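>>> have a look at this prediction, sequence included:
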Amino acid sequence: MAERPRILLTGWFSFLQGEATAGDVLALQRVQETLRRAGLNHDVAWSPVFRPGGPSLAQVRPEDYSHLVFVCGPLHGPQIEGLHRRFAHCVRIAVGTSVVHAASPAVTGFHRVLARDAPDTEPTPDLAACAPALPARPVVGVILTHGQQEYGSRRRHTRVADELTRWLSDLDCAPLELETRLDARDWRLSATPAQLESVLSRLDLVVTDRLHGMVLALRAGVPALTIDPVEGGAKVTAQARACGWPALVPAERLDESALDQWWEWCVTSGRELAREIGVGFRQGAVVDGAEDLLQFLLPASPVT
């Protein structure tokens, strides 16, 4: 009976100086799914920068494997050539890769290259296209400010931003950094309020320490987990009260427990309240300072 192959999966996601793209990892998952269906066990070598838990290329023992499979990405460079030398005893296969120079040692070192594109060959669909379906994750707009110098010693903006972003990095969500600042010259920023509102309305949640980050999210009917970055509370706290929005964390009480609590509320029952507040804004059911302005601009009615 033939011995079962002992397979190590590698790619650019394996190298210390490589990079892990979403496409590369999905391509890997496609290969893993195929191997599992065939009952073939395998290990994955991860970059210690991307997955510190490993195993990394430096940790694996080449003698433990009979086959090395390189997944996705271009076949070029000293990193791949190094794989050929270190795993010289293995059957080496590249799958879903791009061949730029067919005579390159990075290419010719493989026993078999199943390229997605190569000179004089018909391209095949990228492996990521047919990867297993993924569960949806909350799409979260993140709107932070590092300004507001007018609050002087009460400013806690840096600590708030540090704690918030550290907390967000541990969440299984799709974060999207946004700005309320408009700029018609910078393609990365919205040029009009309508453009920004179009983005906000497609989000599941906004995390912000800005007054307008909260207001514009609620205007779009999207819950806003809001932090007031000024010790003792300032305009953000006042505006949350004016809007009737409870998901507010003061800077001096900012911790993971408070953030987790309000996150859970925002993605559940808070969604309905945000929708109600947004409808009230759009239908003009909210009294604001614009109406009061008229009494100081319109001539008073004559006394009869």
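Thanks, I have the structure now.

>>> got a list of contacts for the one helix or strand Val206 maps to?
Under the criterion of DSSP states H and E, Val206 resides in strand 205-208. Contacts to strand 205-208, defined as Cβ atoms under 8 Å, 6 or more residues apart in numbering, come from residues 138-144, 164, 168, 173, 178, 200, 213-214, 217, 222-227, 263, 266-267. Every C-beta, even on glycine, is put in place using the N, C-alpha and C of the backbone.

>>> what about the helices in this protein?
For the chain, the helices defined by DSSP state H cover 22-37, 78-86, 105-108, 157-169, 193-200, 211-219, 235-243, 256-266, 270-282, 289-294.

>>> highest mean neighbour count out of these?
helix 211-219 (a mean of 24; mean count of other Cβ atoms under 10 Å).

>>> rounded mean pLDDT for that one, please.
What helix 211-219 shows for mean pLDDT is 97.

>>> the inter-axis angle of that helix versus helix 270-282?
For helix 211-219 against helix 270-282, the angle by axes from the mean of the first three to the mean of the last three Cα atoms, to 10 degrees is 90 degrees.

>>> in TSV: the helices of the chain, plus distance to Pro250.
Formatted as TSV, those follow (distance: least, Cβ to Cβ, whole Å):
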stretch	distance to Pro250
helix 22-37	36
helix 78-86	49
helix 105-108	56
helix 157-169	10
helix 193-200	24
helix 211-219	14
helix 235-243	7
helix 256-266	9
helix 270-282	18
helix 289-294	25
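
>>> least reliable of those going by mean pLDDT?
The minimum mean pLDDT among the helices of the chain belongs to helix 289-294 (a mean of 85).

>>> who touches that helix?
By Cβ under 8 Å, 6+ apart, the list of residues contacting helix 289-294 is empty.

>>> at 10 Å what do you get?
Residues outside helix 289-294 that contact it (Cβ atoms under 10 Å, 6 or more residues apart in numbering): Gly284.

>>> same check on stretch 106-124?
Here stretch 106-124 has contacts from 27, 67-70, 72-85, 87-88, 90-102, 125-129, using Cβ under 10 Å, 6+ apart.

>>> and the strands in the stretch 1-150 of the chain?
Taking DSSP state E, counting those that start in this stretch as the test, the strands found in the stretch 1-150 of the chain are 7-11, 42-44, 67-74, 91-98, 112-117, 139-143.

>>> format those as TSV; extra columns: mean neighbour count and distance to Asp186.
Converted to TSV, those look like this (neighbours: other Cβ atoms under 10 Å; distance: least, Cβ to Cβ, whole Å):
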stretch	mean neighbour count	distance to Asp186
strand 7-11	24	34
strand 42-44	17	39
strand 67-74	23	31
strand 91-98	21	32
strand 112-117	16	34
strand 139-143	21	16
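
>>> wait, Val215 touches Ala242, no?
Yes. Val215 is within contact range of Ala242, at 9.3 Å (criterion: Cβ atoms under 10 Å).

>>> tabulate the strands of the stretch 1-150 of the chain (JSON lines), appending distance to Ala191.
Compiled in JSON lines, those are given as follows (distance: least, Cβ to Cβ, whole Å):
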{"stretch": "strand 7-11", "distance to Ala191": "39"}
{"stretch": "strand 42-44", "distance to Ala191": "43"}
{"stretch": "strand 67-74", "distance to Ala191": "36"}
{"stretch": "strand 91-98", "distance to Ala191": "36"}
{"stretch": "strand 112-117", "distance to Ala191": "37"}
{"stretch": "strand 139-143", "distance to Ala191": "17"}
